[in-house]
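Visitor: Below are the sequence and a predicted model for it; my questions follow.
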Amino acid sequence: MHRFLAAGPFHTGTELSLDPEQSHHAAKVLRLEGGERIGLLDGRGTLAFAVVTEVHAKHTRVHVEETKQGTGPSRLNLVFGVPKGQALDFLIRRTTELGVAAFQPLQTQHSAPIKGWNAERWDGVVAEVCKQCQELYFPKVLPPQNLRDWLKQRSADRLLLVCDEADREGRSAISAQSEVDLLVGAEGGFSDEERVLLRSAGAQFLGLGRNRLRAETAAIVALTLAKQQMGEI
């Protein structure tokens, strides 16, 4: 069943129009016909099952037959020093598949410079991956911040879990009820000054073993380990 993005809320028995981008995809790419059944995603946890009533490249119409609510979003935000080149695209795509609540990109001493951050592009990447993976809750991509500012404004009620190559054996305990900010450094890790900042902010450290990992690989491994303890895998 093909799935499309649509603005909610969805109500059983109502009709709505897909936006021009989704309508074009339905009419010109997939060549859907009236009577076909599709899924609608709002990115906030609702899946609607609908029947196509009119196919048009600018305003395809659908009739909502049924709605279903997801079990709940992840309680983990992935925070990361921005990596170089294509590693950022890889990181966001793969960790969206695993499931996070939000992405918080950071400028750190060893991260790539954040120039012309394209929020619309990353929102599009997240939506594309969620459609493919049938994920009902789309992660938010938050505006970049520098590490010091982010530490000042983050909620102290959330567990700050940090992966640092200088502490490869850390084994933090994460409860199934925890809300977590999982922080992974860029290539080169964290500076000594940043480690002091993190410890003063109450960070706990999660070791990823003896192997030296690329930043995007470390994010996947750390996310898997943390979500396993949180009961999200």
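Guide: Structure's in. What do you need? Numbering: from 1, shown residues only.

Visitor: Quick check: which ranges of this structure have low pLDDT?
Guide: 166-172 (pLDDT under 70).

Visitor: And the helices in it, which stretches?
Guide: Counting by DSSP state H, one finds helices in the chain at the ranges 20-24, 87-98, 119-133, 147-153, 192-200, 215-230.

Visitor: Name the residues that touch the fifth one?
Guide: Helix 192-200 has contacts (C-beta atoms under 8 Å, 6 or more residues apart in numbering) with 108-109, 147-148, 151, 160, 162, 164, 166, 183, 190. Where you see a C-beta, it was placed from the backbone N, CA and C, and this is true even at glycine.

Visitor: ok, those residues vs residue 99, which is closest?
Guide: Nearest to residue 99 among those is residue 183, at 17.5 Å by C-beta to C-beta.

Visitor: on that earlier part again, give me the buried entries from the contacts of helix 192-200.
Guide: Among those, those scoring as buried are 108-109, 147, 151, 160, 162, 164, 183, 190 (criterion: 16 or more other C-beta atoms under 10 Å).

Visitor: which pair in the residues you listed spans the largest distance?
Guide: 109 and 160 (18.2 Å).

Visitor: follow-up on the earlier one: can you redo the helices of the chain as a markdown table with distance to residue 42?
Guide: A markdown table is the format used below for the helices of the chain (distance: least, C-beta to C-beta, whole Å):
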| stretch | distance to residue 42 |
| --- | --- |
| helix 20-24 | 12 |
| helix 87-98 | 17 |
| helix 119-133 | 11 |
| helix 147-153 | 28 |
| helix 192-200 | 36 |
| helix 215-230 | 24 |
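
Visitor: Relative to residue 175, which of the ones you listed is closest?
Guide: Per C-beta to C-beta, nearest to residue 175 of the helices of the chain: helix 215-230, 7.8 Å.

Visitor: Output the contacting helices and strands for the closest one.
Guide: Contacts defined by 3 or more C-beta pairs under 8 Å, 6 or more residues apart in numbering; DSSP states H and E place helix 215-230 against strand 76-81, helix 87-98, strand 159-163, strand 180-184.

Visitor: Highest mean neighbour count out of those?
Guide: strand 180-184 (a mean of 27; mean count of other C-beta atoms under 10 Å).

Visitor: quick one, that strand and strand 76-81 angle?
Guide: Interaxial angle, strand 180-184 versus strand 76-81 (axes from the mean of the first three to the mean of the last three C-alpha atoms, to 10 degrees): 30 degrees.

Visitor: Relative to strand 180-184, what are the paired strands and their orientations?
Guide: Sheet pairing here is set by DSSP bridges, and for strand 180-184 it gives strand 76-81 (parallel), strand 159-163 (parallel).
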